[in-house]
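Participant: I would like the atomic coordinates for the input below:
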Amino acid sequence: MKLKKIVTPNPIPDYEKGFPDLFNRLTTILFSIIFLCNINFLLLNFDHQQWNLWGLLRINGFTLLIWTVVSFFSAVASSYSATYLKGFKYHARFTSLCFGFTIAVMLLVASDHVLLLLMSWVSMGFFMSRLIGVDADWVEAREASRFALKHFLASSILLTMGVLLLTFNSGCYKISDMTALFSNLSSPVMLVSAIFIITAALIQSAIYPFHRWLLSAMTAPTPASALMHAGFVNGSGILLTIFAALLLKTQTLTLLFIVGGITAIIAQFTKLLQTSIKQKLACSTIAQMGFMIMQCGLGFFNAAVVHLILHGFYKAYLFLSSGENIQASVPQKPLPIRIKPLQAVVVTIAGIIGAFIFARLTGKDTSINSGIFLTLMVAITVGQATYNIVKQSALSNKQKVFLPILLFPFGIACYALIYNGVTLLMRDMPDVDVPSSISLIQILFGAVFLAGFFVMKLGVYKKVPWIYVKLLNISQPYTRTILMSKNKSI
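Facilitator: Here you go, the predicted model:
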């Protein structure tokens with residue numbers, strides 16, 4: 001009798017058994033349920049209610065708002081990764097890390113106890129660094145993860161020092177109680193604490209000169225990049241909002257205004273030098289975080305929250321639509337800026353109309369204060385968008401004249417409506433909408449900011465070689481994260 005050789009098949013890995021797909025599907029359903037519960041609860045309790053749970057959590061309109069946004073982004077990223085990462089060896093790990101990150105963000109927003117706040121901040125950095133290096137077989141991804149983790153640990157240490165300094169001097173472990181006692185603390189203690197907290201926020205938002213970790217984090221899968229740019233780097237806006245009263249007491253808002261403005265200008269410059277889609281998006285995020293920090297520096301933390309929400313939707317969409325294969329493109333010579341007199345008039349009129357509508361609907365025209373700078377940002381944004389329309393050769397002259405005047409006032413009205421709604425939800429947060437009187441420093445830096453904007457748009461920096469080289473050098477990622485051995489992107 002001839003015996004047949006029995007061949008034992010190799011064990012099938014979990015990721016080929018469909019476990020990650022099932023796990024991802026369940027996670028997507030859970031995030032979707034959380035999102036629907038949050039948005040329904042937010043709408044039903046829009047008339048201002050606040051809950052304090054076990055002395056650890058404080059749930060109010062602001063908490064529900066951020067929970068709704070974060071759960072939405074997580075549900076979208078999880079759903080997108082179901083097909084995008086199908087068959088990926090570490091798909092289940094990716095889903096687990098996304099889940100942990102989402103919970104950490106939600107706990108951070110609701111934290112009323114300093115220990116829970118610090119644990120949430122540390123957890124956010126840990127989960128995001130692991131997402132950046134989720135592909136453990138990829139050398140550059142592991143290096144990017146380590147590089148980012150060093151920044152996040154530094155941010156966590158500084159935040160811990162700043163918060164515990166306030167805790168030990170006030171004798172309070174609840175943030176809501178601590179805020180009421182700021183007037184009893186010594187100025188040096190509050191100033192040192194504010195500097196620590198501000199620096200921790202700047203590191204996480206990749207504000208210059210801490211921006212390189214974000215430029216090196218492109219090894220993260222595209223859904224993770226969307227979650228990072230839509231939620232993680234925005235976390236500093238949440239942190240600064242929580243400690244808005246401290247920043248106001250210590251008069252450190254001008255520091256935020258200047259640092260945010262410098263970052264916004266530099267990042268906008270460096271964005272023009274990038275050839276990779278993801279790197280362009282990273283520079284764009286750094287610039288937008290600079291604008292968000294500027295808004296905090298003006299005393300409008302509510303405007304910063306609106307900015308981080310709208311930026312989150314916009315940037316998540318851009319990352320998820322960027323395509324699976326991110327390839328460098330050949331730089332092309334940009335068209336010179338040529339604007340005809342009539343087009344210049346249209347751009348100016350559209351900017352003025354947009355600024356006027358925003359000022360009237362949000363009450364920023366009632367007095368001369370830092371709100372003027374916020375209105376000026378709106379005017380510049382509308383003017384830039386109008387120029388993008390009037391330079392289109394496919395449109396007729398009539399369309400170029402009337403489309404901006406018809407479209408942008410409606411858009412600004414919608415933005416003002418969102419602004420007022422967020423402000424209403426944040427009305428029990430202390431000192432989140434406190435415009436300051438205009439200072440000479442703000443005026444001078446505002447002039448520098450405008451000059452930098454026009455220098456960028458007119459391409460003047462390209463005629464000065466050392467500036468061009470400097471901008472190119474500071475926009476490079478960490479050397480060990482640059483793809484050298486293989487061209488791999490997920």
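
Participant: list the helices and strands the longest helix along the chain packs on?
Facilitator: Using DSSP state H, we find that the single longest helix of the chain is helix 139-170. Here helix 139-170 touches helix 114-132, helix 175-180, helix 187-204, helix 212-215, going by 3 or more C-beta pairs under 8 Å, 6 or more residues apart in numbering; DSSP states H and E. Heads up, the C-betas are built off the backbone N, CA and C, glycines and all.

Participant: can I get these in TSV with mean neighbour count?
Facilitator: Putting the helices and strands packed on helix 139-170 into TSV (neighbours: other C-beta atoms under 10 Å) gives the following:
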stretch	mean neighbour count
helix 114-132	21
helix 175-180	17
helix 187-204	21
helix 212-215	23
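
Participant: would a markdown table of the ones you listed with mean pLDDT be doable?
Facilitator: Shown next, in a markdown table, are the helices and strands packed on helix 139-170 (pLDDT from 0 to 100):
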| stretch | mean pLDDT |
| --- | --- |
| helix 114-132 | 90 |
| helix 175-180 | 79 |
| helix 187-204 | 90 |
| helix 212-215 | 85 |
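
Participant: Just put these in a markdown table and tack on distance to Asn60.
Facilitator: What follows is the helices and strands packed on helix 139-170, written out as a markdown table (distance: least, C-beta to C-beta, whole Å):
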| stretch | distance to Asn60 |
| --- | --- |
| helix 114-132 | 15 |
| helix 175-180 | 10 |
| helix 187-204 | 21 |
| helix 212-215 | 30 |
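
Participant: Which among those is found nearest to Ile438?
Facilitator: Set against Ile438 and scored by C-beta to C-beta, the helices and strands packed on helix 139-170 come closest in helix 187-204, at 21.7 Å.

Participant: contacts for that closest one?
Facilitator: The contact list for helix 187-204 (C-beta atoms under 8 Å, 6 or more residues apart in numbering) reads 121, 125, 151-152, 154-156, 158-159, 161-163, 165-166, 169, 182, 210, 232-233, 235-237, 239-240, 243, 246-247, 249-250, 252, 255-256, 259, 293.

Participant: what's the answer for stretch 415-425, then?
Facilitator: Residues outside stretch 415-425 that contact it (C-beta under 8 Å, 6+ apart) are 42, 46, 60-62, 64-65, 302-303, 305-306, 309-310, 357-358, 361-362, 378, 432-433.

Participant: if we go to 6 Å?
Facilitator: By C-beta atoms under 6 Å, 6 or more residues apart in numbering, the surrounding residues in contact with stretch 415-425 are Gly61, Phe62, Leu65, Asn302, Val305, Val306, Phe358, Leu361, Thr362.

Participant: And for stretch 76-85?
Facilitator: Asn24, Thr27, Thr28, Phe31, His91, Pro223, Ala226, Leu227, Leu320.

Participant: from these, which ones fall inside helices?
Facilitator: Checking the contacts of stretch 76-85 against DSSP H, those in helices are Asn24, Thr27, Thr28, Phe31, His91, Pro223, Ala226, Leu227, Leu320.

Participant: Among these, which one has the most neighbours?
Facilitator: Ranked by neighbour count (other C-beta atoms under 10 Å), the ones in helices among the contacts of stretch 76-85 have Leu227 at the top, with 32 neighbours.

Participant: At the geometric centre of the protein, which residue do we find?
Facilitator: Centroid-nearest residue in the chain, with C-alpha atoms, centre = their mean: Asn234, separated by 3.3 Å.

Participant: Give the burial count for the closest residue to that one other than its chain neighbours, as a bare number.
Facilitator: Once flanking residues are discounted, Asn234 sits nearest to Leu308: 3.9 Å by C-beta to C-beta, 6 or more residues apart in numbering. Counted with other C-beta under 10 Å, residues neighbouring Leu308 total 25.

Participant: quick one: Leu308 and Gly235 touch, right?
Facilitator: No: shown here, Leu308 and Gly235 do not form a contact pair, counting by C-beta atoms under 6 Å, at 8.7 Å.

Participant: what comes up buried for the longest helix of the chain?
Facilitator: Neighbour counts using 16 or more other C-beta atoms under 10 Å place 139-149, 151-152, 154-156, 158-163, 165-167, 169-170 of helix 139-170 among the buried residues.

Participant: tell me the angle it makes with helix 114-132.
Facilitator: Following axes from the mean of the first three to the mean of the last three C-alpha atoms, to 10 degrees, one obtains 170 degrees for the angle between helix 139-170 and helix 114-132.

Participant: Now do helix 139-170 against helix 187-204, angle only.
Facilitator: 160 degrees.

Participant: Work out for me the element Leu376 sits within.
Facilitator: Assigned by DSSP states H and E, Leu376 falls within helix 371-390.

Participant: chain center to the following helix or strand past that helix, what's the gap?
Facilitator: Heading C-terminal from helix 371-390, the first helix or strand you meet, by DSSP H and E, is helix 397-425. Relative to its chain's centre, helix 397-425 lies at 22 Å (C-alpha atoms, centre = their mean, to the nearest Å).
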